[in-house]
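Student: Need coordinates for the below:
(one chain, ligands or ions: 2)
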Amino acid sequence: MAMIEPQEAWQRIEAQIAPLAPQERALPELLGCVLAQEIVAAENVPPFPAATVDGWAVIADDDNTPLRILTNPGTAGQVPAAQVVPGTTAPVMTGAPIPHGADAVVMVEESEVKENWMRFSRRIEPGAGVRRVGSDLAAGQAILPAGAVLGPAEIGLLATMGQTSATVHPRPRVAVFSTGDELVEPEKEPGPSQIRDSNRYALMAAIRQAGGEPVSFGIAPDDADGQRALILRALEAADVLVTSGGVSMGTRDLILPLLAELGTLHLARVRQKPGKPLTFATVAGKPCFGLPGNPVSSLVTFELYVRPALRCLAGHSLLWRPEVAARLLHPVQPDPLRIEFQRARVTQKDGTWWAQTTGAQASSRLLSMIGANALLRLPAGDPLPAGTIITAILVGQPEDH
Ligand code: AMP
Ligand code: MG
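Tutor: Ligands and ions are numbered 1, 2, ... in the order given. Prediction:
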């Protein structure tokens with residue numbers, strides 16, 4: 001299969017994915033999910049006229065002074081027993097219903113109390129210190145559209161409405177396994193030709209950060225029958241498969257031929273660095289990403305292709321990270337033939353973004369991603385002098401660093 005440009009690679013991936021079918025999820029599971037229904041306020045909030053301050057319930061137009069204090073203070077959660085009539089007042093606390101007869105609340109701070117009598121200096125308007133019925137939310141009001149991303153405030157609103165669950169696009173379940181005869185679990189002491197599997201843990205963390213649910217399927221040795229069985233087992237349990245390694249040109253690189261055998265291959269080489277061997281297929285209609293084995297290549301291709309795909313499956317309409325135009329703080333040598341995504345740290349100074357790469361950019365050097373908050377998209381070609389304006393994809397918050 002021919003090598004294609006990154007943009008074409010994404011178009012081929014995008015053509016194969018769509019938001020997962022909506023499902024009901026309980027309140028504690030909703031953070032970050034995308035609503036698949038419109039939410040309409042079923043009730044008024046507040047449902048009763050409530051005090052916004054601690055103080056005294058009065059009749060605004062009552063000119064009597066001082067006012068006689070009725071007993072039975074109204075505290076939040078209590079139905080008020082007092083009936084306020086001209087010449088009287090009743091204590092009321094924030095959030096409590098306004099006692100019958102009263103139409104305003106005088107703040108404690110503005111009152112003077114002597115024995116059974118309350119006096120206040122300022123005139124008061126009807127409605128002062130009172131939250132009207134439905135003033136926060138009116139019954140029938142549309143409050144969240146389908147497509148809204150649920151954060152703390154949205155989840156709070158659902159709870160206020162008595163809605164204990166909502167219909168959302170579920171988080172994609174993403175099966176992950178690493179391939180390679182050389183790999184051992186991180187807790188193991190590697191033998192003379194072995195290394196520890198770092199990709200699976202890095203990718204599971206990246207999946208979680210992207211809003212997916214990772215499911216680990218361990219390490220697969222470079223054996224066709226074993227890997228074939230694992231691909232099928234993983235896809236039974238998940239919406240998406242992500243593997244690392246085994247997509248280069250080596251004799252033990254089996255993922256590419258296996259995906260081609262089991263499903264439909266959509267791309268198998270991308271003109272970019274790192275990440276040239278990126279492979280994408282669908283098996284039984286499910287997206288399968290064969291990421292390269294080098295630790296930086298797997299994370300960079302995850303960022304550029306898997307993350308937006310997972311966001312699409314989760315129902316997000318915003319798939320992409322923000323991009324800024326930044327100036328290089330130092331000369332940079334891009335790849336002569338492939339678009340290069342160099343890891344960098346960008347900072348903003350006097351309205352200008354500046355980019356500094358994170359040192360040696362070898363695709364095995366995970367340290368090149370440490371402290372990076374951006375990927376610089378560098379067009380293939382000649383060296384770029386300091387000051388050149390390039391595109392920086394913000395993969396982290398600038399204030400992170
Ligand atoms: P491959 O794509 O399988 O040829 O692997 C490319 C390079 O990445 C080799 O040096 C592998 O040893 C290394 N590698 C592959 N998988 C992993 C992994 N899960 N964790 C760390 N390094 C890996
Ligand atoms: Mg390998």
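Student: could I get the helix or strand Val324 falls within in CSV with only the CA atoms?
Tutor: For Val324, the host element (DSSP states H and E) is strand 323-328. Listed in CSV are the C-alpha atoms of strand 323-328, where the atom choice follows Å, rounded to 0.1, in the frame of the first residue of the first chain:
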residue,chain,number,x,y,z
GLU,A,323,-2.8,25.4,17.1
VAL,A,324,-0.8,28.6,17.3
ALA,A,325,1.8,30.2,15.1
ALA,A,326,5.1,30.3,17.0
ARG,A,327,8.6,31.5,16.3
LEU,A,328,11.6,29.1,16.6
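Student: Show me what from this structure comes close to ligand 1.
Tutor: Along the chain, the residues adjacent to ligand 1 under the rule C-beta under 6 Å from any ligand atom are 178, 180, 182-183, 195, 197-200, 244-248, 250, 253, 292-295. For every residue, glycine as well, the C-beta is placed using N, CA and C.
Student: so how far is the longest helix along the chain off the chain centroid?
Tutor: In the chain, assigned by DSSP state H, the helix with the most residues is helix 224-237. With C-alpha atoms, centre = their mean, to the nearest Å as the basis, helix 224-237 stands 30 Å off its chain's centre.
Student: Stretch 161-175 now?
Tutor: The answer for stretch 161-175 is 13 Å, by C-alpha atoms, centre = their mean.
Student: Quick check, the residue in the chain closest to ligand 1?
Tutor: Gly293 (2.4 Å; C-beta to the nearest ligand atom).
Student: and that residue, what helix or strand is that in?
Tutor: Gly293 belongs to no helix or strand, assigned by DSSP H and E.
Student: Count the residues that sit near it.
Tutor: 25 (other C-beta atoms under 10 Å).
Student: For it, which non-adjacent residue is closest in space?
Tutor: Nearest residue to Gly293 in three dimensions, chain neighbours excluded: Gly245, at 3.1 Å (C-beta to C-beta, 6 or more residues apart in numbering).
Student: and what of Asn199?
Tutor: Ser244 (4.0 Å).
Student: ok so, going back, which strands border the helix or strand that the longest helix of the chain is followed by, and is each parallel or antiparallel?
Tutor: Sequence order places strand 240-244 as the next helix or strand after helix 224-237, per DSSP H and E. When sheet partners are counted by DSSP bridges, strand 240-244 sits next to strand 173-179 (parallel), strand 286-291 (parallel).
Student: by how many degrees do strand 240-244 and helix 224-237 diverge?
Tutor: 150 degrees (axes from the mean of the first three to the mean of the last three C-alpha atoms, to 10 degrees).
Student: Any residue of the next helix or strand after strand 240-244 touching ligand 2?
Tutor: On the C-terminal side of strand 240-244, the closest following helix or strand by DSSP H and E is helix 255-262. No: Helix 255-262 is not in contact with ligand 2 by C-beta under 5 Å from the ion; minimum separation 8.8 Å.
Student: Just confirm yes or no for stretch 265-280 near ligand 2.
Tutor: No: contact of stretch 265-280 with ligand 2 (C-beta under 5 Å from the ion) is absent, the minimum separation being 10.3 Å.
Student: and that stretch, which residues are buried?
Tutor: 265-280 (16 or more other C-beta atoms under 10 Å).
Student: out of these, which are inside helices?
Tutor: Per DSSP H, the subset of the buried residues of stretch 265-280 in helices is empty.
Student: Sitting in strands, which of the residues you listed do you find?
Tutor: Mapping the buried residues of stretch 265-280 onto strands (DSSP state E) picks out Leu265, His266, Leu267, Gln272, Lys273, Thr279, Phe280.
Student: how many neighbours does the closest residue to Val79 other than its chain neighbours have?
Tutor: Nearest residue to Val79 in three dimensions, chain neighbours excluded: Pro97, at 6.6 Å (C-beta to C-beta, 6+ apart). Neighbourhood size, Pro97 [other C-beta under 10 Å]: 19.
Student: Ok, Trp320 next?
Tutor: Neighbours of Trp320 using other C-beta under 10 Å come to 12.
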